[in-house]
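[1] show me how the following folds:
(3 chains)
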Amino acid sequence: MSAEPIQEFFSIGEVCDLTELKPHVLRYWESQFRFLNPAKNRSGNRVYQRKEIELVLLVKHLLYTEKFTLDGARQKVEEHRRAGGLRGAARGALDAQVVESLERELHEILAILDGRPRGAS
DNA sequence: ATTCTCACA
DNA sequence: TGTGAGTA
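    Model (predicted):
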């Protein structure tokens, strides 16, 4: 009964639309966070997967909303990862509040994606 | 049109 | 972080 071919890969441009960030910011973060390394296709273009969009949103939240420094955000995200990712962090040593709000933001975005065959406005 | 790297402010 | 140059 499944239907819509869910979009699995995203260009940097799509990720920017989805996260409200500029391409140069995403590329810069790549140089600051090892866990933010999207694969490159044959032509060298970044290919993002949903997991990476989650990371981008987490970093954006830490940096812009919680006003962490690059170093602080780096440590925080690594904590999240050691705790088992976005989800696992909830039962870890991190604020369930943040995780909750992130999942909400994420769901809003992914919901639109999953229910949208792309190309329609 | 989009994205990429690199340089520079 | 923002912008521009020269590519692919």
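
[2] contacts and neighbour counts: CA atoms only from here.
    Will do.

[3] looking at chain A, which helix or strand does the model trust least?
    helix A:85-88 (a mean of 56; mean pLDDT, DSSP states H and E).

[4] and for the closest residue to DNA strand B within chain A, the neighbour number?
    With CA to the nearest atom of the strand, the shortest gap between chain A and DNA strand B falls at A:Gly13, namely 3.1 Å. A:Gly13: 13 surrounding residues under other CA atoms under 10 Å.

[5] do I have it right that it meets A:Pro23?
    Yes: using CA atoms under 8 Å, A:Gly13 is in contact with A:Pro23, at 6.9 Å.

[6] quick one, what contacts A:Thr69?
    A:Leu63 (CA atoms under 8 Å, 6 or more residues apart in numbering).

[7] let's see it at 10 Å
    A:Thr69 makes contact with A:Leu62, A:Leu63, A:Gln75 under the criterion CA atoms under 10 Å, 6 or more residues apart in numbering.

[8] contacting residues for the second one?
    With contacts defined as CA under 10 Å, 6+ apart, the neighbours of A:Leu63 are A:Leu57, A:Thr69, A:Leu70, A:Asp71, A:Gly72, A:Ala73, A:Arg74.

[9] check which helix or strand covers the last one.
    Read that as A:Arg74. Assigned by DSSP states H and E, A:Arg74 falls within helix A:70-82.

[10] then the top strand by length along chain A to PDB, C-alphas only?
    Counting by DSSP state E, the longest strand found in chain A is strand A:46-49. Extracted in PDB, the C-alpha atoms of strand A:46-49 (Å, rounded to 0.1, in the frame of the first residue of the first chain):
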ATOM      1  CA  ARG A  46      27.100  17.200  -2.200                       C
ATOM      2  CA  VAL A  47      24.400  14.500  -1.700                       C
ATOM      3  CA  TYR A  48      22.600  14.900   1.600                       C
ATOM      4  CA  GLN A  49      20.500  12.200   3.200                       C
END
